[in-house]
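dropping the sequence and predicted coords here.
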Amino acid sequence: MEELSLIIDKIRSATELDFDDGIHLMKSRNLSLIGALADNVRKKTVGDRVMFVTNCHINYSNICVSKCKFCAYFREKSQKGSFTLTIDKIMEKAEKAEKMGATELHIVGSLNPELQFEYYEKILSSLHDKYPELTLKAFTAVEIAYLSQISGMSVREILIRLKRAGLSGLPGGGGEIFNEGTRKKVCPGKISGEEWLFVMETAHMLGLKSNATMLYGHIETHADIVDHILRIRDLQKRTGGFQAFIPLSFHPDNTELQKTGLKFGPTGFDDLKIIAVSRLLLNGYINNIKAYWVMMGEKLAQIALHYGANDIDGTVMEERITHAAGGTSPDHMPKEKLIHLIKNAGRVPVERTTNYEVIREY
Ligand code: V47
């Protein structure tokens, strides 16, 4: 308790926490206290509602030149299991999702050198024409930067064209960990943290909202984690364009990092601490902290609702990235089950739109 007393005073007086406070929190083993502090901030900021979305993930391809060392999802074109979906196939998946009541399509894939910009534009325009009610949250900042690179258009032009084709906003993927040294070790083929933030800033300036993620539990340090969250906070102060922060719990199975000797991902203790520290560091700037049940597991994601999280993501319907890396959660979750998990945690389930408008309170 004493070790955190200065931080407790700051939280009580609504003073912004700084880098050193973040390190202090990360080093502390007093999870129950940190969790209680975060839970209290959560209650004051967003109350007892827990948000979820009826959504469907569509992965259009897994053929990728980035070859990140934490990723078990990508394949070479010649490898067994490689795939690229046709527009027709994507439409089929969207039809199924719409029939199941989805309000959001979460569309991400890979850096596939055989696909041209027009393919991405066509995905959006075809979906938007046929299903104008569906919100299209598509393509990470990394994919946007790649499209700029292969097409010669600026990031801004790419985003303007995709927005015109039906893009509503960007998912938060590809953030990984911003620190240059660590990033070079885990994803040397990917854009830098600065570039990721630049794409997000450009999107926000164009009125496209986005999420932000952080991949943790691999080789990063406490300083990397705090630095990552604070850089997101800094951008949020300028744009206000991030809707949610989503810490992603690393799954090592079938990854290059596992082959280099990294046997284990984060523990449950780490998962809950990161949720709580995220809530405390982002307090006043990003109101929605998401416990992504696919990566955390449904039971821990439920507990995370008492450690600062107020969002549990959605029905998902078809998940490939975590499952390729040994994830054991189901790849979809019926709405009724999400409602049950939230109610059982003593919270009020609220189905939301992608942009956090209330659809229905249960
Ligand atoms: O960018 C890849 C991560 C992300 C592994 O914005 C891994 O609403 C753990 O960003 N173990 C994609 N994580 C998922 C993502 C996401 C998910 C749900 C909601 C939203 C949103 C975004 O998954 C990648 C990468 O950071 N990832 N491999 C792995 N082995």
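That came in fine, so what should we check first?

contacting residues around the residue lying closest to residue 334 once chain neighbours are set aside?
Distances taken as C-beta to C-beta, 6 or more residues apart in numbering place residue 315 nearest to residue 334, at 6.9 Å, with adjacent residues excluded. C-beta here means a position set from N, CA and C on the backbone, and glycine is covered the same way. By C-beta atoms under 8 Å, 6 or more residues apart in numbering, the residues touching residue 315 are 52-56, 100, 102, 332-335, 338.

could you do residue 162 as well?
For residue 162, counting by C-beta under 8 Å, 6+ apart, the contacting residues are 120-121, 124, 138-139, 144.

just say helix, strand or coil for it.
Taking DSSP: H, G, I helix; E, B strand; the rest coil as the rule, one finds residue 162 in the helix state.

how about residue 245?
Assignment for residue 245 (three-state DSSP): strand.

show me where pLDDT drops low in the stretch 201-350 of the chain?
Along the stretch 201-350 of the chain, the model assigns pLDDT under 70 to no residue.

for it, which segments are assigned as helices?
222-239, 256-259, 268-282, 293-296, 298-304, 321-324, 335-344 (DSSP state H, counting those that start in this stretch).

could I get the CA-only coordinates of the second one as CSV?
Output for helix 256-259, consisting of C-alpha atoms alone and laid out as CSV, is shown next (Å, rounded to 0.1, in the frame of the first residue of the first chain):
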residue,chain,number,x,y,z
GLU,A,256,9.2,-17.9,-34.4
LEU,A,257,9.5,-16.4,-30.9
GLN,A,258,8.6,-19.8,-29.5
LYS,A,259,11.3,-21.5,-31.6
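
identify the residues contacting the one residue in the stretch 101-250 of the chain that gets nearest to the ligand.
Minimum separation of the stretch 101-250 of the chain from the ligand (C-beta to the nearest ligand atom) falls at residue 173, amounting to 2.8 Å. Contact partners of residue 173, counting by C-beta under 8 Å, 6+ apart, are 108, 140-142, 213.

do the same with residue 226
Residue 226 makes contact with 19, 22-23, 26, 277, 281 under the criterion C-beta under 8 Å, 6+ apart.

now residue 75: how far from residue 191?
21 Å (C-beta to C-beta, to the nearest Å).

comparing these two, which shows the higher neighbour count?
Of the pair residue 75 and residue 191, residue 191 is the one with more neighbours under other C-beta atoms under 10 Å, namely 24 against 17.

identify the residue nearest the more buried one in space, chain neighbours excluded?
residue 145 is the one closest to residue 191 (C-beta to C-beta, 6+ apart), at 4.7 Å.

again with residue 65
That would be residue 111: by C-beta to C-beta, 6+ apart, it lies 4.9 Å from residue 65.

now what about stretch 142-156, what contacts it?
The contact list for stretch 142-156 (C-beta under 8 Å, 6+ apart) reads 66, 108-109, 111, 113, 116-117, 120, 139, 157-159, 161-162, 170, 173-174, 190-191, 195-196, 198-199, 202-203, 206.
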